[in-house]
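Asker: my questions concern the predicted model and sequence given below.
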Amino acid sequence: MIYEIPTRYDEQTLKITVSTSSPQKIRLTVRDKDLPNTVFTDRYKTVNGEACFYVRMPVSGSTALIYVYNEDNGNLAQGQDNTFVVNDISKEDLEKKLDVIDFTNPYVQSFVTFATKFCFNAGWIASGTYVSDDRRFVIEYMPILTDDSGNEVTTPARISITDGMMQVSQRQFVQLSVPNRMAIMLHEFSHYYLNDNMDDEIEADLNGLLIYLGLGYPRIEAYEVFSKTFMNAPTEENMIRYQRIVSFIDNFDNHNFYFYE
Amino acid sequence: MDRDILITVGFLAGVILVYKLAFSKQSTSQQAASIKNFTTSKNMPEHLKPPQLLFEGEPIIVTERPLSLYDLGISRGFM
């Protein structure tokens, strides 16, 4: 089933209530109606009885399309799949924690604005070099990222240690959700602009996540993007990083978060 | 007599019509999810418009890290 919802560029949380009479794997995808490759979430839940999907959307387009379907049956037209019922779709306020973000740091404010524009539109803009309005940040949006030998690398984005210029793989970014992209860009930003030790991946993960979570982006999309990235490089260091990320997100939502130092 | 029959038939037709209308409305509302709290569209805000392209030769502001890169034993590269 596909529902068309006027999201009118607002920040919001969508609440979608689904019920089933037996355990069913229900897939939920929210995408922009007008912009290609612009997805806000793509997730599933095994529902037995009634369940709510909450989709945090710090950014949205004019109109969203909500796809809800049983994974076993595929996306059938309304009335053709009696294994589940969509009871209700409503719009709620977005919960944010802006006080955890150091907006007194001028780089943070400027980069969040630039990264929001970039991530929201990365699904359809051309490759090229993009610059923030204040000209402090530059993103080279490249068809693919390569190593010194010209071979494609698996990393979706990287930042120069000499001048803070970022390079982003268009091939990888068009496939990612808007929140996925934002989590990656904030990680790269943190390396150069926030970290005490620029080379520390965990420090960059947590500095970036603090901003990401504070802005109200969905938790599930953060887990997803890091797990996807680490699956491409399943090292012991990345296993430790993932555990720290999971713990950090849990603590953040339980109000036990701490500032990485 | 004919007038009574006409009134009776008219009354029954009215009851059937009202029942059909009510029934069709109920089945539609059972199929569709209720959609609440949404209003009409507005214009795209500035902070969601596409970023601007940097053209060759245009100036940018390069931010230098306070920490020396040489302390890290790195002279050039990406993270």
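Answerer: Okay, I see it.

Asker: low-confidence stretches in the chain?
Answerer: Going with chain A. Residue ranges of chain A with pLDDT under 70: A:256-261.

Asker: my bad, chain B
Answerer: If you take pLDDT under 70 as the line, chain B has these spans: B:1, B:17-32, B:40-41, B:66-77.

Asker: recalculate using a threshold of 90.
Answerer: For chain B, applying pLDDT under 90 flags the ranges B:1-44, B:55-79.

Asker: and the next helix or strand past the helix or strand in which B:Arg3 is found?
Answerer: If you go by DSSP states H and E, B:Arg3 is part of helix B:2-31. Elements were assigned by DSSP H and E; along the chain past helix B:2-31, the next helix or strand is strand B:34-36.

Asker: for that following strand, which strands pair with it and how are they oriented?
Answerer: Strand B:34-36 pairs in its sheet with strand A:84-92 (parallel), by DSSP bridges.

Asker: hey, C-alpha coordinates of the helix or strand following the partner strand in PDB?
Answerer: Per DSSP H and E, the first helix or strand lying C-terminal to strand A:84-92 is helix A:106-121. Provided in PDB are the C-alpha atoms of helix A:106-121 (Å, rounded to 0.1, in the frame of the first residue of the first chain):
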ATOM      1  CA  PRO A 106      30.600  28.600  14.400                       C
ATOM      2  CA  TYR A 107      31.800  25.700  12.400                       C
ATOM      3  CA  VAL A 108      29.000  23.500  13.800                       C
ATOM      4  CA  GLN A 109      26.200  25.800  12.900                       C
ATOM      5  CA  SER A 110      27.600  26.400   9.400                       C
ATOM      6  CA  PHE A 111      28.300  22.800   8.700                       C
ATOM      7  CA  VAL A 112      24.900  21.500   9.900                       C
ATOM      8  CA  THR A 113      23.200  23.900   7.500                       C
ATOM      9  CA  PHE A 114      25.500  22.900   4.600                       C
ATOM     10  CA  ALA A 115      25.300  19.200   5.300                       C
ATOM     11  CA  THR A 116      21.500  19.400   5.600                       C
ATOM     12  CA  LYS A 117      21.200  20.900   2.100                       C
ATOM     13  CA  PHE A 118      23.700  18.500   0.700                       C
ATOM     14  CA  CYS A 119      22.200  15.300   2.200                       C
ATOM     15  CA  PHE A 120      18.600  16.200   1.400                       C
ATOM     16  CA  ASN A 121      19.500  16.800  -2.300                       C
END
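
Asker: output the contacting helices and strands for the helix or strand just after helix A:106-121.
Answerer: Next in sequence after helix A:106-121, counting helices and strands by DSSP H and E, comes strand A:128-131. Applying 3 or more Cβ pairs under 8 Å, 6 or more residues apart in numbering or on different chains; DSSP states H and E, one finds that strand A:128-131 contacts strand A:138-142, strand B:52-53. C-beta: built from backbone N, CA, C; applies to glycine.

Asker: one more time with 6 Å
Answerer: strand A:138-142 (3 or more Cβ pairs under 6 Å, 6 or more residues apart in numbering or on different chains; DSSP states H and E).

Asker: number of residues surrounding A:Val168?
Answerer: 26 (other Cβ atoms under 10 Å in any protein chain shown).

Asker: quick one: residues contacting it.
Answerer: A:Ile139, A:Tyr141, A:Ala157 (Cβ atoms under 6 Å, 6 or more residues apart in numbering or on different chains).

Asker: and which of the residues you listed is nearest chain B?
Answerer: A:Ile139 (7.5 Å; Cβ to the nearest Cβ).

Asker: give the contact list for the closest one.
Answerer: So A:Ile139 contacts A:Phe118, A:Tyr130, A:Met166, A:Val168 (Cβ under 6 Å, 6+ apart).

Asker: what parts of chain A come near chain B?
Answerer: Counting by Cβ under 6 Å from any Cβ of the partner chain, the positions of chain A adjacent to chain B are A:5-6, A:8-9, A:62, A:79, A:86-91, A:116-118, A:120-121, A:125, A:128-131, A:135-136, A:138, A:158-164, A:191, A:199.

Asker: which among those residues end up buried?
Answerer: A:5-6, A:8-9, A:62, A:86, A:88-91, A:116-118, A:120-121, A:125, A:129-131, A:136, A:138, A:158-162, A:164, A:191 (16 or more other Cβ atoms under 10 Å in any protein chain shown).

Asker: beta-bridge partners for A:Glu4, please?
Answerer: Beta-bridge partners of A:Glu4, as defined by DSSP bridges: A:Leu65.

Asker: now do the contacts for A:Val47.
Answerer: Applying Cβ under 6 Å, 6+ apart, the residues contacting A:Val47 are A:Val18, A:Thr20, A:Gln24, A:Ile26.

Asker: also B:His47?
Answerer: A:Thr116.

Asker: now swap in A:Thr116 and tell me
Answerer: B:His47.
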